[in-house]
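Task: produce atomic coordinates for the following.
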Amino acid sequence: MSRRDELIGSIGDLLRLQSGLALVLHQAVAERFGLNPTDLKCLDLAAREEALTAGRIAEVTGMSTSAVTALIDRLEKRGFVERYRDASDRRKVYVRTTGQHEEKLAEIYGPLSDATTRVLESFDVTSLDAVRDVLSKLAEVSRTFIGSEKPENG
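The predicted structure follows:
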C-alpha cells in the first residue's frame, strides 16, 4: 500500500471518528436544552441566516416541509425562534432566533471553539488553505448527498 493510500485511509478513519464525536457532542448539548441535535443545528442556522425560511431549512437539511414545520413549532414553543412575515410580501414567513439562549450556547461551545482555534493556529497558511479546501469540498459532497437522499414513496 502506498503512503498516499495509507493517508487517505487514515484521514477517512479520522473523519468518521470526528463525525461520531461531533454527533455525541451535539446530542449532549441539545439535551441540556431539551432539544435534539437537528433542532440545535437548525437553531444555529437561524442565528447565522438573516432571511431564513422553512424552505431554506428543508433545502439545507433534506427534511420534508412537514418535518421542518414541526421542528420550527418545537423551537418556537420553547422560545428559541419566532416567525415573522415579510413586510413587502405577507405570504413569506421567516424564522429568526429570539436570542434568549445564545449566551448559554456560547458558554458551552466557547471552550471548544477556543481549543479548535489553538489547534488551527498551530498550522501554517499553506496547510490551513489545504484543510479549508478539503472541508469545503467535503461539505459540498455532503450537501449533494443530502439532496439526493429522498425517501421513496410506497
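
Where does the prediction get shaky in this structure?
Low-confidence segments of the chain, defined by pLDDT under 70, span residues 148-154.

can we see that at 80?
147-154 (pLDDT under 80).

now the helices for it?
Using DSSP state H, the helices of the chain run over residues 3-32, 37-48, 54-61, 65-77, 102-121, 125-148.

Show me what the longest one packs onto, helices and strands only.
Meaning helix 3-32. helix 37-48, helix 102-121 (3 or more CB pairs under 8 Å, 6 or more residues apart in numbering; DSSP states H and E). Just so you know, the C-beta spots here come from the backbone N, C-alpha and C atoms, and that holds for glycine as well.

Other residues contacting the last one?
The set of residues that contact helix 102-121 without belonging to it, under CB atoms under 8 Å, 6 or more residues apart in numbering, is 25, 29, 32-33, 43, 47, 128, 131.

Between those, which sits nearest residue 64?
Nearest to residue 64 among those is residue 43, at 18.9 Å by CB to CB.

From residue 137, how far out is that closest one?
With distances taken as CB to CB, to the nearest Å, residue 43 is found 26 Å from residue 137.

Between those two, which has more neighbouring residues?
Set side by side, residue 43 and residue 137 give different neighbour counts by other CB atoms under 10 Å, the larger being at residue 43 (24 against 10).

How about the more buried one: what's its closest non-neighbour residue?
In space, residue 43 comes closest to residue 80 once its chain neighbours are excluded; the distance is 5.4 Å by CB to CB, 6 or more residues apart in numbering.
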